[in-house]
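Novice: Have a look; sequence and predicted model below, questions after that.
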Amino acid sequence: MELAEKVVNKMINGDAFSNWLGIKVVNVSKGYCKLTMTIREDMTNGFRIAHGGIAYSLADSALAFAANSDGRQSLSINTSISHTKKVMIGDTLTAETQEIRKDDKNATYQIKITNQNKIEIAHFKGEVYRTKKKWF
């Protein structure tokens, strides 16, 4: 098992919230992560559409897994999301990361979130602080 998979397995096994969301790791490698999840009724707001925090949380998990995948513990310091389409019960969301830049102290990622029809429902940008602490 490569380091990225080992780190993400350790992270998700201790992540009660990502597990409650039903997040599945599709693919992970150094600086990259692809996740999926399906929207349930208990994730909706008063309009019976997915609460905006659900897509945000999926993207936040993708950010965390991608940023830590090189074996250094990293913590988010700045994030933002733009919602572009509504999300309904039964929709399957996919979050896919792209590492924009990385140096010794910080890294920036773009996360594209799409539905089962490959329509973008949100885009997320996150910056992390890279500690010196190793996962293993």
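Specialist: Nice, thanks for sending it over. Numbers count the residues shown, from 1 in each chain.
Novice: so who does residue 1 touch?
Specialist: residue 9 (C-beta atoms under 8 Å, 6 or more residues apart in numbering). For the C-beta atoms, the positions are set from N, CA and C on the backbone; glycine is no exception.
Novice: What distance do you get for it to residue 8?
Specialist: For residue 1, the distance to residue 8 (C-beta to C-beta, to the nearest Å) stands at 10 Å.
Novice: starting at the chain centroid, how far to the helix or strand hosting residue 112?
Specialist: Assigned by DSSP states H and E, residue 112 belongs to strand 106-114. Chain-centre distance of strand 106-114: 8 Å, with C-alpha atoms, centre = their mean, to the nearest Å.
Novice: Tell me the confidence at residue 1?
Specialist: We have a pLDDT of 74 for residue 1.
Novice: To clarify, my last question referred to residue 48.
Specialist: Note on residue 48: pLDDT of 96.
Novice: ok, now the one 10 residues further on?
Specialist: The pLDDT attached to residue 58 in the predicted structure is 98.
Novice: quick one: which helix or strand includes it?
Specialist: Assessed by DSSP H and E, residue 58 sits inside helix 52-68.
Novice: Could I get the full set of helices for this protein?
Specialist: In the chain, helices defined by DSSP state H lie at 3-13, 16-21, 52-68, listed in chain order.
Novice: Please identify the deepest-packed of those helices.
Specialist: Counting by mean count of other C-beta atoms under 10 Å, helix 52-68 has the highest mean neighbour count of the helices of the chain, with a mean of 23.
Novice: I figured residue 76 was touching residue 60, is that so?
Specialist: Yes. Counting by C-beta atoms under 8 Å, residue 76 touches residue 60, with 7.0 Å between them.
Novice: joint contacts of these two?
Specialist: The contact sets of residue 76 and residue 60 overlap at residue 126 (C-beta under 8 Å, 6+ apart).
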